[in-house]
Every structure is written in structure tokens, then in C-alpha cells.
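Q: The amino acid sequence is not available; the structure is as follows:
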């Protein structure tokens, strides 16, 4: 089955630690995205990538980093510089940046 | 005007009711429009794309009004399973440029 997987589903981090969230897709999509969703809020774009080895900052990139070494994978690192990292993180992919996006199941990050 | 704006609701309706959601967008050059559905603590899922001529999928009808810059979603014969948050999505820039902007969503609760 084609789809997007994210791991882990739940992640707990101590303050001051970096953590990396995994996102893999086998839909052969060129574009991939990371969003953050806070309770009762909309999705906010963190980073996106249109092709391998290229990515752009979204609206709230500070404190985050990404890489796109393979078409299928777009990991997100939440660094200690991110002041309020507790949130629901969603990865998505699409054939192009204005086309419909398909989402993974998300990772819930909690900072202890 | 905000880039994408929706009435947050909640809309509380009885089973079998017809309910309509509106969404306004700020960029007159936007050309991609979608409705997504998000269940509590789950990822958003594409409900339908919105085409200029309007489109229907079973009990769901989507319409676009470019002159007034709004899109609508009509749900007929509401089911308990329709309870969810409905996200209005628009591309940020005109043509083939830019990313999708997600509204904060309208919450629908269908009661027996």
C-alpha cells in the first residue's frame, strides 16, 4: 500500500535535547512538508522540499532543521533552540506544491 | 483579511440535517482549493477538491465564488460519522506557485 509513515507516534523529550522525527513516503511524490499543529489551532508550515537536496523555510522554521537526501525521506530535527516544541507534528507529501497533500499519522512531541 | 478564514463553530446539528460551511481567502490569484476533514487527534484527510464549476461527491457539494473570494461546503443528510473539523485549504500564491494554506477549521458535531 502506498502511503506516508511517521515515527514515533509519541515522543517525550527533556529540555535541551535535540530530537529527530521520521517521515517516509512511497507515493513517489516530489514535494514533502512538515507542519506543526497546536491544540485548537490550524496547521503551520515549518519546512518544505520540492526536490531532493533542496528545501525552504516555512512560516515557523526557527528552532527546526531538515534534510532531503532521498526522495522518500524528509526527517525533521527539533533542536533545543525551539522554545515551545510540545505539539502535534504532521508530515505530508504531494506531486507539486499547489496540489493536494497527503498526510502521515503524525507524531506527538511532549517536552518534559 | 486573513489568508484563509473560517467560522470556528462548533456547528451542532441533528442527524439528517443539511449544514453549510463558508471560507474566505485573501489572494484573488489563488487557483487551488480543497476541503479536508480532520478527526480529533488524527491527521487531516482530503475530502474533496473545489473546482470553478462546483462539484459534488455524494452528500457533499463544494462551490467556489471567485468574485467574492469564498468557497463553501454543503453536507446533506448529516451522519453521526460526519462529526469532525473541516479545513478550508487554498494555495498561497497564484498559478503554480506557492504552498497551501490551511484554515483553522470549522468543527461539526452531529447529534442523534
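A: That came through fine. In this text the structure is predicted, and so the values were computed from the model without any measurement.
Q: Show me what the spatially most central residue of chain A is bridged to.
A: Closest to where the C-alpha atoms of chain A average out (CA atoms, centre = their mean) is residue A:34, at 3.0 Å. Applying DSSP bridges to residue A:34 gives these bridge partners: residue A:47, residue A:91.
Q: Follow the chain on from the helix or strand of chain B with the lowest mean pLDDT and name the next helix or strand.
A: Using mean pLDDT, DSSP states H and E, the weakest-scoring helix or strand in chain B turns out to be strand B:100-102, at a mean of 91. Scanning forward in sequence from strand B:100-102 by DSSP states H and E, the next helix or strand is strand B:106-111.
Q: and that following strand, what does it pack onto?
A: strand B:11-14, strand B:19-25, strand B:84-91 (3 or more CB pairs under 8 Å, 6 or more residues apart in numbering or on different chains; DSSP states H and E). Every C-beta, even on glycine, is put in place using the N, C-alpha and C of the backbone.
Q: Spell out whether the last one and chain A are in contact.
A: So the one you mean is strand B:84-91. Yes: with CB under 8 Å from any CB of the partner chain as the measure, strand B:84-91 is seen reaching chain A through B:87, B:91.
Q: and among the helices and strands packed on strand B:106-111, the most buried is which?
A: Between these, the one whose residues have the most neighbours on average, counting mean count of other CB atoms under 10 Å in any protein chain shown, is strand B:84-91 (a mean of 25).
Q: Give me the contact list for stretch A:3-21.
A: The set of residues external to stretch A:3-21 that reach it, using CB atoms under 8 Å, 6 or more residues apart in numbering or on different chains, is A:22-27, A:34, A:75-80, A:85, A:89-93, A:102-112.
Q: Tell me the buried residues in that stretch?
A: A:4, A:6, A:11, A:13, A:19, A:21 (16 or more other CB atoms under 10 Å in any protein chain shown).
Q: just the buried members of the contacts of stretch A:3-21?
A: Applying a neighbour-count criterion of 16+ other CB under 10 Å, the buried members of the contacts of stretch A:3-21 are A:23-25, A:34, A:75-76, A:78, A:85, A:89-93, A:102-104, A:106-107, A:109, A:111.
Q: Tell me the residues of chain B that contact chain A?
A: By CB under 8 Å from any CB, the residues of chain B that approach chain A are B:31-32, B:34, B:41-46, B:49, B:87, B:91, B:95-100, B:102-105.
Q: repeat that for 10 Å
A: Within chain B, the residues that sit near chain A (CB under 10 Å from any CB of the partner chain) are B:4, B:6, B:8, B:30-32, B:34, B:36, B:38, B:41-46, B:48-49, B:85, B:87-105, B:107.
Q: Please check the residues you listed and keep the buried ones.
A: With neighbours counted by 16+ other CB under 10 Å, the residues of chain B next to chain A contain buried members at B:4, B:6, B:30-32, B:34, B:36, B:38, B:43-44, B:48, B:85, B:87-92, B:98-105, B:107.
Q: For chain B, see how far away residue A:43 is.
A: According to CB to the nearest CB, to the nearest Å, residue A:43 and chain B sit 4 Å apart.
Q: my guess is that residue meets residue B:88, correct?
A: No: in terms of CB atoms under 10 Å, residue A:43 does not count as a neighbour of residue B:88; the distance is 11.7 Å.
Q: any common contacting residues for the two?
A: Counting by CB atoms under 10 Å, 6 or more residues apart in numbering or on different chains, the residues touching both residue A:43 and residue B:88 are B:36, B:101-105.
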